[in-house]
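[1] Generate a structure from the sequence data that follows.
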Amino acid sequence: MKHFLYLVITAFVLVSCQSKKEEAKTEDKAACASDSTKTEEGFDMYEMSEMAALMEQMYVDNQRLKDRILKGDTIGKFPQHFMRIHEAVLTDETDKDQFFNEQAKKFIEAQELIYKDPENAKEHFNNGIDACIKCHEVKCGGPIPKIKKLYIQ
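    From the prediction side, this is the model:
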(Lines give C-alpha, C1' and ligand atoms only; values in the text may rest on other atoms or scores of the structure.)
Protein backbone atom coordinates (compact mmCIF):
# COMPACT_ATOMS: atom_id res chain seq x y z
CA MET A 1 0.00 0.00 0.00
CA LYS A 2 2.81 2.39 0.87
CA HIS A 3 4.48 1.68 -2.48
CA PHE A 4 1.28 2.43 -4.34
CA LEU A 5 0.89 5.73 -2.46
CA TYR A 6 4.51 6.72 -3.29
CA LEU A 7 3.91 5.83 -6.93
CA VAL A 8 0.78 7.99 -7.13
CA ILE A 9 2.49 10.95 -5.46
CA THR A 10 5.53 10.67 -7.74
CA ALA A 11 3.31 10.48 -10.82
CA PHE A 12 1.34 13.50 -9.64
CA VAL A 13 4.53 15.53 -9.07
CA LEU A 14 5.94 14.62 -12.49
CA VAL A 15 2.71 15.51 -14.27
CA SER A 16 2.37 18.83 -12.45
CA CYS A 17 5.99 19.76 -13.17
CA GLN A 18 5.53 18.97 -16.85
CA SER A 19 2.42 21.15 -17.11
CA LYS A 20 4.27 24.07 -15.43
CA LYS A 21 7.08 23.80 -17.99
CA GLU A 22 4.56 23.89 -20.84
CA GLU A 23 2.81 26.91 -19.28
CA ALA A 24 6.15 28.68 -18.96
CA LYS A 25 7.01 27.98 -22.60
CA THR A 26 3.60 29.29 -23.67
CA GLU A 27 4.08 32.43 -21.59
CA ASP A 28 7.57 32.97 -23.05
CA LYS A 29 6.22 32.68 -26.58
CA ALA A 30 3.43 35.13 -25.76
CA ALA A 31 5.90 37.59 -24.25
CA CYS A 32 8.14 37.40 -27.32
CA ALA A 33 5.16 37.88 -29.59
CA SER A 34 3.99 40.91 -27.63
CA ASP A 35 7.52 42.39 -27.68
CA SER A 36 7.75 42.03 -31.44
CA THR A 37 4.29 43.55 -31.78
CA LYS A 38 5.41 46.54 -29.74
CA THR A 39 8.45 46.92 -31.96
CA GLU A 40 6.25 46.95 -35.04
CA GLU A 41 4.03 49.59 -33.42
CA GLY A 42 7.13 51.61 -32.65
CA PHE A 43 8.75 52.75 -29.46
CA ASP A 44 9.78 56.27 -28.62
CA MET A 45 13.51 55.64 -28.53
CA TYR A 46 15.59 57.83 -26.22
CA GLU A 47 17.71 60.13 -28.28
CA MET A 48 20.60 61.78 -26.47
CA SER A 49 20.73 65.56 -26.75
CA GLU A 50 23.85 67.25 -28.13
CA MET A 51 24.76 68.35 -24.60
CA ALA A 52 24.28 64.88 -23.13
CA ALA A 53 26.49 63.39 -25.86
CA LEU A 54 29.09 66.11 -25.33
CA MET A 55 29.11 65.52 -21.58
CA GLU A 56 29.54 61.78 -22.11
CA GLN A 57 32.52 62.52 -24.35
CA MET A 58 33.96 64.99 -21.83
CA TYR A 59 33.64 62.33 -19.14
CA VAL A 60 35.64 59.83 -21.20
CA ASP A 61 38.23 62.50 -22.06
CA ASN A 62 38.56 63.39 -18.37
CA GLN A 63 38.99 59.74 -17.39
CA ARG A 64 41.91 59.55 -19.80
CA LEU A 65 43.28 62.87 -18.58
CA LYS A 66 43.05 61.71 -14.97
CA ASP A 67 45.07 58.60 -15.85
CA ARG A 68 47.74 60.71 -17.57
CA ILE A 69 47.97 63.07 -14.58
CA LEU A 70 48.27 60.16 -12.15
CA LYS A 71 50.97 58.49 -14.25
CA GLY A 72 52.87 61.75 -14.70
CA ASP A 73 52.52 61.53 -18.49
CA THR A 74 52.41 64.57 -20.74
CA ILE A 75 49.06 66.31 -20.59
CA GLY A 76 48.67 67.04 -24.29
CA LYS A 77 46.48 69.75 -25.76
CA PHE A 78 43.17 71.15 -24.58
CA PRO A 79 40.33 69.35 -26.41
CA GLN A 80 38.63 72.05 -28.44
CA HIS A 81 35.34 70.15 -28.58
CA PHE A 82 34.87 71.09 -24.89
CA MET A 83 34.10 74.61 -26.14
CA ARG A 84 30.85 73.27 -27.60
CA ILE A 85 29.46 73.37 -24.05
CA HIS A 86 28.38 76.94 -24.82
CA GLU A 87 26.44 76.03 -27.96
CA ALA A 88 25.28 72.41 -27.70
CA VAL A 89 21.53 71.87 -27.46
CA LEU A 90 20.39 70.71 -24.02
CA THR A 91 17.71 68.11 -23.38
CA ASP A 92 15.68 70.90 -21.75
CA GLU A 93 16.68 74.22 -23.28
CA THR A 94 15.27 76.11 -20.28
CA ASP A 95 18.24 74.76 -18.30
CA LYS A 96 20.59 76.92 -20.35
CA ASP A 97 20.42 79.97 -18.11
CA GLN A 98 22.89 82.34 -16.45
CA PHE A 99 23.80 79.77 -13.79
CA PHE A 100 24.58 77.13 -16.41
CA ASN A 101 26.65 79.58 -18.43
CA GLU A 102 28.64 80.62 -15.34
CA GLN A 103 29.36 77.00 -14.39
CA ALA A 104 30.28 76.13 -17.97
CA LYS A 105 32.73 79.05 -17.99
CA LYS A 106 34.29 77.88 -14.69
CA PHE A 107 34.58 74.36 -16.04
CA ILE A 108 36.30 75.51 -19.25
CA GLU A 109 38.66 77.82 -17.33
CA ALA A 110 39.67 74.99 -14.99
CA GLN A 111 40.15 72.60 -17.90
CA GLU A 112 42.28 75.09 -19.84
CA LEU A 113 44.46 75.68 -16.75
CA ILE A 114 45.32 71.97 -16.66
CA TYR A 115 47.04 72.37 -20.02
CA LYS A 116 48.51 75.83 -19.34
CA ASP A 117 49.81 74.96 -15.85
CA PRO A 118 50.55 71.21 -15.81
CA GLU A 119 52.53 71.60 -12.57
CA ASN A 120 49.19 72.08 -10.79
CA ALA A 121 47.17 69.81 -13.05
CA LYS A 122 45.63 67.86 -10.18
CA GLU A 123 44.24 71.00 -8.52
CA HIS A 124 42.89 72.40 -11.79
CA PHE A 125 41.41 69.04 -12.73
CA ASN A 126 39.55 68.77 -9.43
CA ASN A 127 38.32 72.36 -9.81
CA GLY A 128 36.84 71.37 -13.16
CA ILE A 129 35.10 68.41 -11.53
CA ASP A 130 33.82 70.77 -8.80
CA ALA A 131 32.27 72.96 -11.50
CA CYS A 132 30.53 69.93 -13.01
CA ILE A 133 29.11 68.86 -9.67
CA LYS A 134 27.98 72.36 -8.66
CA CYS A 135 26.02 72.65 -11.89
CA HIS A 136 24.57 69.15 -11.66
CA GLU A 137 23.47 69.76 -8.07
CA VAL A 138 21.12 72.41 -9.45
CA LYS A 139 20.29 71.19 -12.96
CA CYS A 140 20.42 67.40 -13.18
CA GLY A 141 21.65 65.38 -10.22
CA GLY A 142 21.66 61.96 -11.85
CA PRO A 143 25.29 61.87 -13.01
CA ILE A 144 26.81 63.22 -9.76
CA PRO A 145 27.95 59.83 -8.38
CA LYS A 146 29.63 59.05 -11.71
CA ILE A 147 31.27 62.48 -11.90
CA LYS A 148 32.62 62.18 -8.34
CA LYS A 149 34.61 59.13 -9.42
CA LEU A 150 36.75 61.46 -11.55
CA TYR A 151 38.26 63.27 -8.57
CA ILE A 152 41.97 62.79 -8.10
CA GLN A 153 42.68 62.01 -4.45
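[2] going forward, measure contacts and count neighbours with C-alpha atoms only.
    Fine.
[3] Quickly list the domain ranges of the protein.
    1-45, 50-148 (automatic domain parsing).
[4] which of the ones you listed has the lowest average pLDDT?
    Ranked by mean pLDDT, the domains of the chain bottom out at domain 1-45, with a mean of 50.
[5] Quick one: residues contacting M83.
    I108 (CA atoms under 8 Å, 6 or more residues apart in numbering).
[6] make it 6 Å
    Shown in contact with M83 (CA atoms under 6 Å, 6 or more residues apart in numbering): no residues.
[7] Numbering from 38 from now on, please.
    All right, first residue 38 from here; so that's M120.
[8] and the gap between it and Q140?
    Going from M120 to Q140 by CA to CA, to the nearest Å gives 13 Å.
[9] cool, E174 as well?
    Counting by CA to CA - E174 and Q140 are separated by 11 Å.
[10] Which one's more surrounded, those two?
    More crowded of E174 and Q140, by other CA atoms under 10 Å: Q140, with 19 against 13.
[11] how close does the more buried one sit to R101?
    22 Å.
[12] A90 now?
    As judged by CA to CA, A90 and R101 stand 17 Å apart.
[13] repeat for K153
    Distance of K153 to R101, given as CA to CA: 18 Å.
[14] Please apply the same query to H161.
    15 Å.
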